[in-house]
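Peer 1: Fold the following for me, if possible:
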Amino acid sequence: MIDMQNRVLELSPTISVVIPLYNHERYIDDAIDSLLQQTILPFEIIIIDDGSHDNSWQRVQRRAKEEPRIITWSQKNQGAHYTLNNGLNHATGEYLAILNSDDVYHPQRLEFCLQAMQANPVPDVICTALAFIDEKGKSCSNAWYEEALAFHRKVSDLSLALINGNFLMTTSNLFMHRSVWADLGTFANLRYAHDLDFFLRAISFNKRMVILENPLLHYRTHATNTINEGVLKVKLEWAAVVAYYAWKMKRNDWSYWEQLVEITNRHDLTRMLFFFFKYYQQNVTERLAVDDWLADKAFCKFLTDTIR
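Peer 2: Now for the predicted structure:
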């Protein structure tokens, strides 16, 4: 755990923070304020409006006039993964971070992530524990997160912990050197699991991930969180990602596979996993080719009909 009293305020490298924005006029000011109240300020705040239908764009335009660090542009609706890729590809900072437009940073998040980057060996990716807030910004609990976090503390393998339950939760929990972005490539075309895919890809690339125990990110829970859109849709992407990285990493450790099957059985994913394993064996690819299997209508229909 980082000592919250040991504050290292050396000349800081540049930090770019990307905010993907979609229909969050209610929350975007809180997100921006949390960045402007950091003990180490970001060099640039890139806000991309992904075709919002509310007044989100008008709000960020007003904030950009008041704060020169804020860079804004809008696009037709492309989805979270495309918006993040667009923003990160334009970022110029030595370090890259993400803040989703409904989440909030702890005032010292960037400072302590940057401080953690000074460790030896140097980490590639920093994530932190989370606190939860509701629609009104009031603190709340999350039993699912506590269970997933407890499992992480019980097992030694980070990939298994993430497969069991993505306790890192969100792309808002990413702080990385820009070289990681260059090495790993862009977010996959996934609506629900692009964060899990990226975390597992970092592990498969042998990137050093450090998870700080201080809750330096406030994750907002509300009715329009994408995770609430449908269990089957979420499980399909979850199984696709898990199967791909289990297949790609080709672990020879039998105990790993025993634990993996135990996890997938518990979450009713094993049957889906089997179909994705078979698909990847027949369609070898260097990275998760989501567009390929999504475009394969016969495969999608067979899969969904089989697991209903």
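
Peer 1: which residues touch stretch 170-178?
Peer 2: Contacts to stretch 170-178, defined as C-beta atoms under 8 Å, 6 or more residues apart in numbering, come from residues 80, 84, 91, 93-100, 103, 109-110, 113, 117, 124-128, 130, 187, 194-195, 198, 217, 219. Using the backbone N, CA and C atoms, a C-beta is placed for each residue, glycine as well.

Peer 1: rerun at 7 Å
Peer 2: The contact list for stretch 170-178 (C-beta atoms under 7 Å, 6 or more residues apart in numbering) reads 84, 93-100, 103, 113, 124-128, 195, 217, 219.

Peer 1: Which positions in stretch 276-284 come out as buried?
Peer 2: Buried positions in stretch 276-284, judged by neighbour count with 16 or more other C-beta atoms under 10 Å: 276-277, 279-280.

Peer 1: Restricted to helices, list those residues.
Peer 2: Among the buried residues of stretch 276-284, the members falling in helices (DSSP state H) are 276-277, 279-280.

Peer 1: quick one: which two of the residues you listed are the most distant?
Peer 2: Greatest spatial distance in those: F277 and Y279, 7.3 Å, computed using C-beta to C-beta.

Peer 1: about what we covered before: inside strands: which ones of the contacts of stretch 170-178?
Peer 2: Secondary structure from DSSP state E places 95-98, 125-128, 217, 219 of these in strands.

Peer 1: among those, which ones are buried?
Peer 2: By neighbour count, with 16+ other C-beta under 10 Å, these hold 95-98, 125-128, 217, 219 as buried.

Peer 1: Show me which residues of the longest helix belonging to the chain are buried.
Peer 2: For the chain, the longest helix by residue count, based on DSSP H, is helix 231-249. For helix 231-249, burial by neighbour count (16+ other C-beta under 10 Å) applies to 234-247.

Peer 1: And the next helix or strand past that helix?
Peer 2: For helix 231-249, the succeeding helix or strand toward the C-terminus, using DSSP states H and E, is helix 254-266.

Peer 1: Between helix 231-249 and that following helix, find me the angle.
Peer 2: 170 degrees (axes from the mean of the first three to the mean of the last three C-alpha atoms, to 10 degrees).

Peer 1: So what touches helix 254-266?
Peer 2: Contact with helix 254-266 is made by 157, 160, 163-164, 242, 246, 251, 270, 273, as judged by C-beta under 7 Å, 6+ apart.

Peer 1: again, but for stretch 197-205
Peer 2: Under the criterion C-beta under 7 Å, 6+ apart, residues 125, 158-159, 162, 168, 180, 183-184, 187-188, 190, 209, 241, 245, 248-249, 288 lie in contact with stretch 197-205.

Peer 1: Out of those, which sit inside helices?
Peer 2: Those of these lying in helices (DSSP H): 158-159, 162, 180, 183-184, 241, 245, 248-249.

Peer 1: so how far is stretch 259-268 off the chain centroid?
Peer 2: Chain-centre distance of stretch 259-268: 22 Å, with C-alpha atoms, centre = their mean, to the nearest Å.

Peer 1: my bad, should have said stretch 261-272
Peer 2: Using C-alpha atoms, centre = their mean, the offset of stretch 261-272 from its chain centre is 22 Å.

Peer 1: Just the buried residues from the contacts of stretch 197-205, in ChimeraX please.
Peer 2: In ChimeraX syntax, the buried subset of the contacts of stretch 197-205 is picked out as below (16+ other C-beta under 10 Å):
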select :125,158,159,162,168,180,184,187,188,190,209,241,245,288
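
Peer 1: picking up where we left off before, give the rounded mean pLDDT of the longest helix of the chain.
Peer 2: With pLDDT averaged residue by residue, helix 231-249 scores 83.

Peer 1: follow-up on the earlier one: mind putting the buried residues of helix 231-249 into TSV with distance to D33?
Peer 2: Supplementary listing: the buried residues of helix 231-249 in TSV, determined by distance: C-beta to C-beta, whole Å:
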residue	distance to D33
V234	31
K235	36
L236	37
E237	32
W238	33
A239	38
A240	37
V241	33
V242	37
A243	41
Y244	38
Y245	37
A246	41
W247	43
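
Peer 1: What residues of the helix or strand encompassing S34 count as buried?
Peer 2: If you go by DSSP H and E, S34 is part of helix 28-36. Neighbour-count burial for helix 28-36, counted by 16+ other C-beta under 10 Å, picks out 28, 30-32, 34-35.
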